[in-house]
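Engineer: Below is the sequence, then the predicted model.
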Amino acid sequence: MIGLYLFSFLALINQFGVGVEGIDIKAASECGIAVANIPSEGTGNAESCAELAIYLIIACLRNQKEMENSIKSKHLGFPTGRTILGANIFIYGMGGIGRQVAARIRAFQPARLVGISKSGNTSELVDEMGGPADVPRLAKGSHIVIICVNLDNTTKGIVNKDFIDLLSRGAIIVNVAILTVSDTRTINNDKSGDYLVKSVKQEGHNCTERNIVTDDVGIILNILRKWINNKNIDAIIITGGTGITGRDVTPEAIDQIKDKYIPGFGEVFRYISYKKIGSSSIQSRAIACVAKGTFIFSLPGSPGACKDAWEGIIKNQLDSRNKPCNLIELMPRLLEK
């Protein structure tokens with residue numbers, strides 16, 4: 001009775017925000033109570049939500065919690081995290097908040113910025129705009145997804161397994177450098193290097209460096225030392241020089257800079273090779289290691305061997321979603337003392 005008495009004096013319910021999904025509109029209407037909200041644009045509401053979205057994105061990319069723990073333990077500089085720079089970003093809902101997010105995140109120089117609007121209208125704020133039917137095409141390969149829609153019967157469950165499967169397998173972006181070791185190959189005929197660059201990018205990672213050097217320990221060492229001291233390189237994939245001839249010296253170069261070998265890599269790679277080429281697999285000295293917090297994978301020079309290593313081992317181990325474990329989740333701890 002008290003509730004009904006109070007409702008008789010209530011004329012307006014004003015939602016402090018855009019959405020009104022928390023209000024029973026039907027019941028309010030039956031009681032003659034008006035329902036209102038605060039418009040997203042022009043009131044500071046959309047701008048505030050957009051700023052919060054940017055903050056949350058950066059906090060996730062920069063591993064904020066782990067960074068706090070590192071600071072408390074005086075282990076400064078770790079983890080370094082990732083950047084919006086070079087990422088593929090998908091905004092679902094280009095209303096007031098979505099537009100404000102797009103306007104702000106553009107300054108971080110993403111590789112691609114696309115949006116979805118019910119109307120499908122174009123916008124200069126994004127590289128491409130589409131309607132709901134374009135979600136599978138535009139969301140594919142995205143590293144960052146920002147949902148800016150009201151929760152109702154039409155939007156409930158839009159982020160489901162099928163949607164997540166569209167996203168980049170490299171949900172954590174890895175910066176990879178590719179090194180070809182060969183006395184004869186050039187950028188015009190380096191099929192193994194081409195395959196690795198293409199494969200790295202297809203998984204949503206960045207190929208930050210690429211080079212071709214001759215089979216010389218000193219030359220290989222110079223570039224590896226440069227790359228393992230580059231904070232923008234997380235992993236190095238080398239192709240070539242892992243055989244047993246006099247000119248095959250890649251493992252010897254790696255031995256001078258490695259901190260820890262990853263023996264299982266060579267073991268699994270030769271197992272994969274054995275199933276295809278039999279006992280000839282003993283001629284491969286493919287190895288992997290960690291050097292100054294950087295993963296190094298050294299593969300044979302043939303495109304087929306590179307494909308076996310990438311598809312059978314490296315691709316999954318550079319995928320943060322690979323279960324039961326992967327190398328990416330170890331990256332923040334590689335330099336622990």
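Structural biologist: Sure thing, it's come through.

Engineer: use CA for all of it now, contacts and neighbours both
Structural biologist: Fine.

Engineer: Can you measure across stretch 30-38, start residue to end residue?
Structural biologist: Terminal residues of stretch 30-38 are spaced 22 Å apart (C-alpha to C-alpha, to the nearest Å).

Engineer: now stretch 284-298
Structural biologist: 10 Å.

Engineer: Kindly report the same for stretch 303-321.
Structural biologist: End-to-end distance of stretch 303-321 (C-alpha to C-alpha): 26 Å.

Engineer: Tell me the buried residues in it?
Structural biologist: Across stretch 303-321, burial judged by 16 or more other C-alpha atoms under 10 Å covers 303, 305-310, 314-321.

Engineer: just those now: which is nearest Phe269?
Structural biologist: Among the buried residues of stretch 303-321, Ala309 lies closest to Phe269 (C-alpha to C-alpha), at 6.2 Å.

Engineer: so what's that closest one up against?
Structural biologist: 269, 299 (C-alpha atoms under 8 Å, 6 or more residues apart in numbering).

Engineer: what is the mean pLDDT for the helix or strand harbouring it?
Structural biologist: Under the criterion of DSSP states H and E, Ala309 resides in helix 303-309. Confidence for helix 303-309, expressed as mean pLDDT, is 96.

Engineer: so after the lengthiest helix in the chain, what's the next helix or strand?
Structural biologist: In the chain, assigned by DSSP state H, the helix with the most residues is helix 45-61. Per DSSP H and E, the first helix or strand lying C-terminal to helix 45-61 is helix 64-72.

Engineer: For that next one, C-alpha coordinates in PDB please.
Structural biologist: C-alpha atoms of helix 64-72 as PDB (Å, rounded to 0.1, in the frame of the first residue of the first chain):
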ATOM      1  CA  GLN A  64      48.000  -3.100 -15.500                       C
ATOM      2  CA  LYS A  65      47.600  -5.500 -12.600                       C
ATOM      3  CA  GLU A  66      50.900  -7.300 -13.400                       C
ATOM      4  CA  MET A  67      52.600  -3.900 -13.800                       C
ATOM      5  CA  GLU A  68      51.400  -2.900 -10.300                       C
ATOM      6  CA  ASN A  69      52.800  -6.100  -8.900                       C
ATOM      7  CA  SER A  70      56.100  -5.500 -10.700                       C
ATOM      8  CA  ILE A  71      56.300  -1.900  -9.300                       C
ATOM      9  CA  LYS A  72      55.600  -3.200  -5.700                       C
END
